[in-house]
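Colleague: what follows is a predicted structure for the sequence shown.
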Amino acid sequence: MPIHPTAIIDPAARIHPEADIGPFCVIGAEVEIGARTRLMAHLYIEGPTWIGEDNLFYPYASVGVASQDLKYHDERAETRIGSRNKIREFVTIHRGTEGGGALTSIGDDNLLMAYTHIAHDARIGSNCILGNAVTLAGHVTIEDYVIIEAFSGVHQFCRIGRHAFVGGYSVLTRDVLPFSMTVTPRESKVYGANKVGLKRRGFEAETIDHLNKCFRLLASETLNTSQALEQIQAEVPPGREVDELVEFIRSARRGFIK
């Protein structure tokens with residue numbers, strides 16, 4: 001196992017023989033690190049934390065540390081990170097709290113750029129990109145294939161649906177619809193379907209057209225949300241993506257961005 005002599009590792013940590021621990025890393029008890037995961041240098045990781053295989057952690061990130069939630073009183077809570085993630089410089093990932101399920105989780109194949117903050121009880125899916133200094137408050141849910149550009153902030157308990165694209169410097173205080181392209185220069189607005197991202201991921205042109213029609217109906221000044229949903233069900237051919245969009249809207253607890 002390549003462990004630099006300056007690394008400090010608690011005897012209760014479990015490090016796979018093929019993991020690579022660089023200089024000046026500090027790894028606490030109840031930390032488990034999988035095969036071929038590399039900690040470049042100056043990482044700080046507290047447990048209970050589980051990290052999968054083939055991850056790459058850049059210098060000065062901190063993982064699994066206590067929540068900043070004032071209601072947190074050092075109760076047992078966990079952090080779980082999947083495989084093949086890239087965690088860039090100065091990223092902060094806080095463990096969960098009792099009030100939020102006691103778990104902060106990150107899936108597979110994600111890129112968290114420098115200075116990203118993942119607060120307590122956040123849930124991030126797989127294949128997501130979070131730009132520089134993206135900030136997630138507690139209890140935020142990010143579904144698969146989401147891209148959030150730099151310096152955007154997400155309010156606690158908000159959800160961002162699958163395949164959504166969020167423009168830079170956005171402030172999100174309500175849910176972001178799946179498949180949408182959403183930007184908040186002054187107020188939050190949806191600018192239609194995330195055409196470029198959906199095309200790159202192999203979605204058919206007909207599916208993208210159907211989603212665009214849904215967004216046009218939702219943005220109509222003459223329809224409220226209930227009326228727009230009725231029009232969608234009447235005018236847009238059913239399909240998995242349209243059904244997912246409608247269900248996401250119906251389940252939004254904080255409202256959603258139109």
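Modeller: In hand now; what should we look at?

Colleague: so who does residue 41 touch?
Modeller: 4, 22, 23, 24, 25, 59 (CB atoms under 8 Å, 6 or more residues apart in numbering). For glycine as for every other residue, the C-beta is placed from the backbone atoms N, C-alpha and C.

Colleague: which residue, other than its chain neighbours, is closest to the second one?
Modeller: Spatial nearest neighbour of residue 22, chain neighbours left out: residue 41 (4.2 Å); criterion: CB to CB, 6 or more residues apart in numbering.

Colleague: and the closest residue in space to residue 29 that isn't next to it in sequence, how many neighbours?
Modeller: Leaving out its chain neighbours, the residue that sits closest to residue 29 by CB to CB, 6+ apart is residue 12, at 3.8 Å. For residue 12, the neighbour count with other CB atoms under 10 Å is 11.

Colleague: is residue 12 in contact with residue 46, as I believe?
Modeller: No. Judged on CB atoms under 8 Å, residue 12 makes no contact with residue 46 at a distance of 11.8 Å.

Colleague: list the residues that contact both of these two?
Modeller: Overlap of the contact sets of residue 12 and residue 46 (by CB under 8 Å, 6+ apart) is empty.

Colleague: what about residue 189, how many neighbours?
Modeller: When neighbours are defined as other CB under 10 Å, residue 189 has 16 of them.

Colleague: I figured it was touching residue 180, is that so?
Modeller: No. Checked against CB under 8 Å, the pair residue 189 and residue 180 is beyond contact range at 10.0 Å.

Colleague: what do the two both touch?
Modeller: Both residue 189 and residue 180 are contacted by residue 257, under the criterion CB under 8 Å, 6+ apart.
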